[in-house]
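Engineer: model this:
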Amino acid sequence: MAKIDRDLKNVIRYMEQELRVSENFDLVCRTITLGKYHCAVYCISGFTKSELLEKLLEAMMKQADGKETNTLEDFSQSVIPFAATELLGEYETAILNLLSGQTVLFIDGFDRCIVMDCRSYPARSVSEPEKDKTLRGSKDGFVETLILNAALIRRRIRDPLLTIETLHAGRRSMTDIALCYIEDRIDRKMLDKIREKIKCLDVDSLTMNQQSLAECLYPYKWYNPFPKFKFTERPDTAAASVLEGNLVVLVDNSPSAMVLPSSVFDIIEEADDYYFPPITGTYLRFSRLLISMFTLWITPVWLLLIQNPQWLPPWLEFIKVKEAINVPIILQLLILELAIDGLRLAAVNTPNMLTTPLSVMAALVLGEFSVKSGWFNSEPLLYMAFVSVANYTQSSFELGYAVKFMRLITLILTYLFNLPGFIIGQIITVGAIVSNRTITGHSYLYPLFPFSWKAIKRRLFRVRIRHGEKQQ
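Structural biologist: A predicted model of the protein is given here:
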């Protein structure tokens, strides 16, 4: 790394060459005099609290008047009335801090600079996330600013052993990454492994923030759709995960946290399970698990029974298709699967003022008119409507699409090979779950495999918190 020059003119020349200050309107360079010292102040206008910097420079000019110091430490302590300062001796680290939003002060005659944290990142309000809503829980959520997200976790855990360390990834983006854990509960081997992986990342930038980091940390078995990580936009969920001994990873510009390691039971859990009494939380947990299974099985099982009407008992005769079938049932189901995703994507990109009329039009077209036209029968529409709504009973998008892909594979195999195809589809689903691994290499189905009754009881049942009990 290049050392900072003592001659201020050489410093200004180097900074202009590296940052092209004259070509970037938001990069500010101001030369000032503090007592007998000539100085250059560098900052980014969009990241700096201008009022704070103005008051700070005014106070520094008064403090420096008539003073003479021999070292930069003396200058920093006697002239700068500000706590968040740091001394740096290399250009590269100074530029990195400047591009992160801090203010850098170079002083003629010294071979180091002073970095002052006068940052004020653009940030939206801390509001409840749209996806991870709860009926009774707290109504705050993560935002795109890393320092605010770290504060939301520290606000909930006032433990001196709570550690939030920062790393950087990406040769050009130099994205800030925060590792949040409790010193005496974290798995040290996992922590060292994740830290080393992040330090060794050889990527140009983390374009998609957290997803880019996840793909770099777990590059294998991309064909397995079941999620390897749990993502949450809720600070209370992230804080609970930290207290359980997990590692929470925050990435700058991402409004969610990544929890490591994560089994399928971790991903299925939701905050509402704990904001209600044990019996209600257990009921909600079992309901969500049962409905998720129905979304996987209901259309393949119905297709299997339609293809084999002789298997239907008299009390299930009503599930048969009553109208004439113009389009094969399997094709109807596949078209509806695609149409539902199309409507979901359209809803994301639809302006708020048009949401209601377009929803009514979509309901009419895909409902009554599609049946009358002969393209669809009412039974496939009914079952796919249940599937599309039931997918939202759990908050993980990744898990919902994993179930969808397994359902599509089972549907196609059932149509092609009948009962053997349905069985093969279930074997593929179970194999995808069993073969999946957490980032630490442990079983994705723990505590079911390897079996631990104490742990599985906590996963399936909402256990009452006892006096003096530690977080597990």
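Engineer: measure stretch 185-204 end to end?
Structural biologist: With C-alpha to C-alpha, to the nearest Å as the measure, stretch 185-204 spans 34 Å from end to end.
Engineer: buried residues in it?
Structural biologist: For stretch 185-204, the neighbour count (16 or more other C-beta atoms under 10 Å) marks 186-187, 190-191, 193-194, 197-198, 201, 203 as buried. In this view, the C-beta of every residue, glycine as well, is placed from N, C-alpha and C.
Engineer: then stretch 304-316?
Structural biologist: For stretch 304-316, a neighbour-count test (16+ other C-beta under 10 Å) marks 304, 306-307 as buried.
Engineer: and for stretch 54-70?
Structural biologist: Those would be 56-57, 60, 63-64, 69, for stretch 54-70 by 16+ other C-beta under 10 Å.
Engineer: what's R20 in contact with, if anything?
Structural biologist: Contact analysis of R20 by C-beta atoms under 8 Å, 6 or more residues apart in numbering lists L27.
Engineer: could you measure from it over to Y14?
Structural biologist: 12 Å (C-beta to C-beta, to the nearest Å).
Engineer: before we move on, what about L179?
Structural biologist: The separation that L179 has from Y14, given C-beta to C-beta, amounts to 33 Å.
Engineer: that older thread, could the buried residues of stretch 54-70 go into a markdown table alongside pLDDT, secondary structure and distance to V251?
Structural biologist: Formatted as a markdown table, these follow (pLDDT from 0 to 100; DSSP: H, G, I helix; E, B strand; the rest coil; distance: C-beta to C-beta, whole Å):
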| residue | pLDDT | secondary structure | distance to V251 |
| --- | --- | --- | --- |
| L56 | 90 | helix | 30 |
| L57 | 90 | helix | 33 |
| M60 | 91 | helix | 35 |
| Q63 | 87 | helix | 39 |
| A64 | 84 | helix | 40 |
| T69 | 80 | coil | 40 |
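Engineer: now, which of those residues sits nearest L382?
Structural biologist: L56 (66.5 Å; C-beta to C-beta).
Engineer: which residue is the nearest non-sequential neighbour of the closest one?
Structural biologist: Spatial nearest neighbour of L56, excluding adjacent residues (C-beta to C-beta, 6 or more residues apart in numbering): F82 at 5.7 Å.
Engineer: unless I'm mixing things up, that neighbour is touching L105, no?
Structural biologist: No: using C-beta atoms under 8 Å, F82 is not in contact with L105; the gap is 10.5 Å.
Engineer: still on that earlier bit, nearest to S370 among the buried residues of stretch 54-70?
Structural biologist: Checking the buried residues of stretch 54-70 one by one against S370 (C-beta to C-beta), the nearest turns out to be L56, at 66.1 Å.
Engineer: if we can go back for a sec, of L179 and Y14, who's got more company?
Structural biologist: Neighbour tally, L179 and Y14, criterion other C-beta atoms under 10 Å: the higher count belongs to L179, 19 against 16.
Engineer: part of a helix, is that one?
Structural biologist: No: looking at L179 with DSSP: H, G, I helix; E, B strand; the rest coil, it is strand, so not inside a helix.
Engineer: pLDDT wise, what is it at?
Structural biologist: We have a pLDDT of 96 for L179.
Engineer: what about the nearest residue to it once chain neighbours are set aside, which helix or strand?
Structural biologist: The shortest distance from L179 to any non-neighbouring residue, by C-beta to C-beta, 6+ apart, is to E165 (5.2 Å). If you go by DSSP states H and E, E165 is part of strand 162-169.
Engineer: list of residues touching that strand?
Structural biologist: Strand 162-169 is contacted by residues 96, 150, 153-154, 174-183, 195, 198-199, 201, 203, 206, 213, 216, 242 when judged by C-beta under 8 Å, 6+ apart.
Engineer: give the rounded mean pLDDT of that strand.
Structural biologist: In this model, strand 162-169 has a mean pLDDT of 93.
Engineer: strand partners (parallel or antiparallel) of that strand?
Structural biologist: Looking at strand 162-169 with DSSP bridges, its partner strands are strand 175-182 (antiparallel).
Engineer: fine by me, thanks again.
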